[in-house]
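A.B. asks: whatever this is, show me its structure:
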Amino acid sequence: DRSSSDATCRAVLSHFGVPAGEYAFGKTKVFFRAGRVGAMEDVRQRTLAATLVAQKHARGRVVRATFLRLRDAVVRVQARVRGGWAREAFRSRVGQTRAAIDVQRVFRGFMARRVAAREAIAIVTCQMAARRWCLRRKRARCAASNAAKAREAAE
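C.D. replies: All right, here's what the predicted structure looks like:
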């Protein structure tokens, strides 16, 4: 069991680049030469700092992706709402336009009927004047003809 733990410790130390003469194994401890622990601590600190930077960037990517998804969802909801408002405003404008067209149609019909009524009155007035003139002419002819007959009869 002890030889396997020694082999594991040697493999770990060689992986991290610690030369074989820089350490010694006791029963429960590993002993390093002076200054070696400080160098290993520096390596550990740099590795830890690099790991933290990598974690920071990975978390930042995840949070940014989540933010972008949420922002896109908000933009889609806003666009849907604004589109609904625009459709409602358009329908309202179409209704107002139709109402204005109806008012114009009714007014034009009213004005056309008014003009037609005035024209009808003018036509009837002209017809009455023409008939009166014709009747007067006819009466004048009849009176002239009756006067001529009366003169002939008196003669």
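A.B. asks: all strands in this structure, in order from the N-terminus.
C.D. replies: With strands called from DSSP state E, the chain shows them at 23-25, 30-32.
A.B. asks: so for the first one, mean pLDDT?
C.D. replies: In other words, strand 23-25. Per-region confidence: strand 23-25 scores 89 on mean pLDDT.
A.B. asks: tally of neighbours for residue 3?
C.D. replies: 7 (other CB atoms under 10 Å). (Glycine included, C-beta is placed from N, CA and C.)
A.B. asks: check it and give its pLDDT.
C.D. replies: pLDDT at residue 3 comes out at 82.
A.B. asks: go on, residue 37?
C.D. replies: 86.
A.B. asks: could you export the strands of the chain as a markdown table, including distance to residue 92 and mean neighbour count?
C.D. replies: Shown next, in a markdown table, are these (distance: least, CB to CB, whole Å; neighbours: other CB atoms under 10 Å):
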| stretch | distance to residue 92 | mean neighbour count |
| --- | --- | --- |
| strand 23-25 | 85 | 14 |
| strand 30-32 | 84 | 14 |
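A.B. asks: now those strands as CSV including distance to residue 67?
C.D. replies: Formatted as CSV, those follow (distance: least, CB to CB, whole Å):
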stretch, distance to residue 67
strand 23-25, 48
strand 30-32, 47
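A.B. asks: and the ones you listed: which comes nearest residue 104?
C.D. replies: strand 30-32 (100.8 Å; CB to CB).
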